[in-house]
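Peer 1: what follows is a predicted structure for the sequence shown.
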Amino acid sequence: MKEWTVNSLAALAGITVRALHHYDEIGLLKPARVGENRYRYYGEEELLRLQQILLHRRLGIPLSEIGALLDAPGFDRLPALKEQRRRLDAEAKRYRQLVRTIDRTIAALEGDRAMKHEDLYRGIVPSEKQAEYEDWLIDRFGAPMREEIDASRAKAAGAGPEGMQESMRALAEIEGALVGAMREGVVPEARALDALIERHRAWVADAWTKPCTPQAYAGLADLYEGHADFVARFETLGKGFARWLPAAMRAWARRQTA
């Protein structure tokens, strides 16, 4: 029976040796055996389990939940793979939509054709990234943030497609006004932005289903500025907006706590 060492399995799967050591430490992926030389050795069963781990991570499921899923009494690898294929096919369709959105935006910026504000966002809301964003918020603001995330999800589900579209139209209007201010040369620290920034903060609070405190709003600015996906989206709205908006958000937050 063929076996793989940690190094050979890491190279085969395209992950780090450190990741495999971590999976072993938390009981997520144990080696088939440990040799007298204390080397870890993995077999076919471990390779298939690692595939499931990586697929679940690719689909946004936290490591803390993957072990329970794989070890559940009713877990069957074949139906799981079929469901993962379905979800990845849906993701592929979203990426095709995203490419069309980018193409339309490029055409609009080059003056070839007009573009509706709400069309800026078609295909961009990254459902496969949602778990990553939620983990970031929970790490920053603690376990109570999980309850707020669940409440936000429930509200979004209750709003339905039309409610979500209306919410995104409102956001597009607010962001469009902020981009306009930036292009007019308004510095992000200007008090003249307070009314616009307050509208943006209120939109965030409505999405969160709770008051958005200045501290939380400044934390959101850190996420906007530090995450490549948000940077890319804001730069689509206006060159330099990915830095200008977080700076304006933090400046507003400082003024509220001064």
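Peer 2: Cool, got the structure.

Peer 1: for Arg49, what are its contacts?
Peer 2: Leu29, Leu70 (C-beta atoms under 8 Å, 6 or more residues apart in numbering). Quick note: C-beta positions are derived from backbone N, CA and C, even for glycine.

Peer 1: distance of it relative to Arg191?
Peer 2: To Arg191, Arg49 is 57 Å away according to C-beta to C-beta, to the nearest Å.

Peer 1: repeat for Arg33
Peer 2: Counting by C-beta to C-beta, the gap from Arg33 to Arg191 is 67 Å.

Peer 1: could you do Leu88 as well?
Peer 2: Taken as C-beta to C-beta, the span from Leu88 to Arg191 is 48 Å.

Peer 1: look at the two and report which has more neighbours.
Peer 2: Leu88 (14 against 10; other C-beta atoms under 10 Å).

Peer 1: domain ranges for this protein?
Peer 2: As given by automatic domain parsing, the domain ranges for the chain are 4-71, 76-115, 128-257.

Peer 1: now these in CSV, with mean pLDDT?
Peer 2: CSV is the format used below for those (pLDDT from 0 to 100):
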stretch, mean pLDDT
domain 4-71, 90
domain 76-115, 76
domain 128-257, 80
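
Peer 1: how close does Ala181 get to Leu245?
Peer 2: For Ala181, the distance to Leu245 - C-beta to C-beta - is 10 Å.

Peer 1: comparing these two, which shows the higher neighbour count?
Peer 2: Relative neighbour count places Leu245 above the other of Ala181 and Leu245, with 24 against 19, counting by other C-beta under 10 Å.

Peer 1: then the helix or strand hosting the more buried one to PDB, C-alphas only?
Peer 2: Using DSSP states H and E, Leu245 sits in helix 241-257. Provided in PDB are the C-alpha atoms of helix 241-257 (Å, rounded to 0.1, in the frame of the first residue of the first chain):
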ATOM      1  CA  PHE A 241     -11.700  55.200  -3.100                       C
ATOM      2  CA  ALA A 242     -10.400  52.000  -1.300                       C
ATOM      3  CA  ARG A 243      -8.200  54.200   0.900                       C
ATOM      4  CA  TRP A 244     -10.300  57.400   0.900                       C
ATOM      5  CA  LEU A 245     -13.500  55.700   2.300                       C
ATOM      6  CA  PRO A 246     -11.800  53.900   5.300                       C
ATOM      7  CA  ALA A 247     -10.000  57.100   6.100                       C
ATOM      8  CA  ALA A 248     -13.300  59.000   6.100                       C
ATOM      9  CA  MET A 249     -15.000  56.400   8.200                       C
ATOM     10  CA  ARG A 250     -12.200  56.400  10.800                       C
ATOM     11  CA  ALA A 251     -12.100  60.300  10.900                       C
ATOM     12  CA  TRP A 252     -15.900  60.300  11.500                       C
ATOM     13  CA  ALA A 253     -15.500  57.700  14.300                       C
ATOM     14  CA  ARG A 254     -12.700  59.800  16.000                       C
ATOM     15  CA  ARG A 255     -14.900  62.900  16.000                       C
ATOM     16  CA  GLN A 256     -17.700  61.000  17.800                       C
ATOM     17  CA  THR A 257     -15.500  59.800  20.600                       C
END
